[in-house]
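In: pasting the sequence and the predicted model now:
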Amino acid sequence: MPGGRLTQQERQQIAVGLADGLAYAEIARRLDRPTSTVTREVMRNGGPAGYRADLAQRATGHRAQRRRQPAQRDARASEQPYGRDPEAVRAYEEKFTTVIMASGLTKMPSQVLALLLTSDTGSVTAAELVQRLQVSPASVSKAVAFLEGQGLLRRERDERRRDRYYVDADVWYQSSLASARANAQLVETAREGVGILGSDTPAAARLENVARFLDFVSESIVRAAEQARAILHEKPWPAPGNPEE
């Protein structure tokens, strides 16, 4: 089985496989690569619908170049508290980003969310995001606007009148409610279609079943979120060797 980084030709084969609707496992088999390699490659570079071989190749080159810059590595190392291994933290942030992307978010919002969730302060400014992620201010602005709309972060002005973005204890609770609200809109629209298409038609029956299913799911989400909300505010166990202890 070949090792090392994917080649430009392999990335083109991945793009062709995605266009043909092949599963990751089948694409990996044709490349003689692990399925996890193909999955990580696709999710890191736009997902199944947005993957482009040339852009993926270019992005990999940029990442490799950044890792070769000792000044950036040293800066990251100085930022790590609690004696953390900076390379292990970086690798974990990339893995976390990939997992978040697999849940349906695009790359930039996933990177922002992963960075916030792994931050001890749980907050960051737009300028800090630009610096940490090495992206444009416009990309950061779009990403945080999307996450804010999904209830996955909140925005406040700090003492220097800068926008600061937070993930706090209630972020998952608010996100669950946002999901339930989105489902409620689908339920309403589906039931509107029942009246338009005729209640005794196959299409209307299908829409009514969709509405009933999503209605039940939404109620379950809200009920579970309310019941579990207290968990988000529980005090974590003290970490061994915490310098603040």
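Out: Looks like it came in fine.
In: going forward, measure contacts between C-alpha atoms and count neighbours the same way
Out: OK.
In: number of nearby residues for residue 121?
Out: A count of neighbours around residue 121, defined by other CA atoms under 10 Å, yields 11.
In: mind listing what residue 205 touches?
Out: Contact partners of residue 205, counting by CA atoms under 8 Å, 6 or more residues apart in numbering, are 194, 199.
In: list the buried residues of whichever strand or helix holds it.
Out: Assignment of secondary structure by DSSP states H and E places residue 205 within helix 202-228. Neighbour-count burial for helix 202-228, counted by 16 or more other CA atoms under 10 Å, picks out 204-205, 207-208, 210-211, 214-215, 218, 221-222, 225.
In: closest one of those residues to residue 22?
Out: Comparing those against residue 22 with CA to CA places residue 210 closest, at 27.9 Å.
In: hmm, the closest one is touching residue 193, no?
Out: No: Residue 210 is beyond contact range of residue 193, at 11.1 Å (criterion: CA atoms under 8 Å).
In: element containing residue 143?
Out: In the assignment (DSSP H and E), residue 143 maps to helix 137-149.
In: so what touches that helix?
Out: Contacts for helix 137-149 (CA under 8 Å, 6+ apart): 108-109, 112-113, 126-127, 129-130, 153-155, 165.
In: low pLDDT regions in this protein?
Out: Per-residue confidence for the chain (pLDDT under 70) gives these ranges: 1-3, 62-79, 235-245.
In: which members of the contacts of helix 137-149 occur in helices, if any?
Out: Members of those lying in helices (criterion: DSSP state H): 108-109, 112-113, 126-127, 129-130.
In: which of the residues you listed ranks first by neighbour count?
Out: In terms of neighbours by other CA under 10 Å, those top out with residue 113 at 25 neighbours.
In: spell out, range by range, the helices that occur in this protein.
Out: With DSSP H, the ranges of helices along the chain come out as 8-19, 24-31, 35-44, 47-50, 53-67, 70-79, 86-102, 107-117, 126-133, 137-149, 171-197, 202-228.
In: quick one on the thing from earlier: now the angle between helix 171-197 and the helix holding residue 205, please.
Out: Helix 202-228 and helix 171-197 meet at an angle of 160 degrees, taking axes from the mean of the first three to the mean of the last three CA atoms, to 10 degrees as the criterion.
In: next one: helix 202-228 to chain centre, how far?
Out: Chain-centre distance of helix 202-228: 24 Å, with CA atoms, centre = their mean, to the nearest Å.
In: now do stretch 197-208
Out: 36 Å.
In: list the buried ones in stretch 126-145?
Out: Of the residues in stretch 126-145, those with enough neighbours to count as buried (16+ other CA under 10 Å) are 126, 129-130, 140, 143-144.
In: distance to residue 57 added to those residues, as TSV?
Out: Formatted as TSV, the entries for the buried residues of stretch 126-145 read as follows, by distance: CA to CA, whole Å:
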residue	distance to residue 57
126	27
129	23
130	22
140	22
143	23
144	26
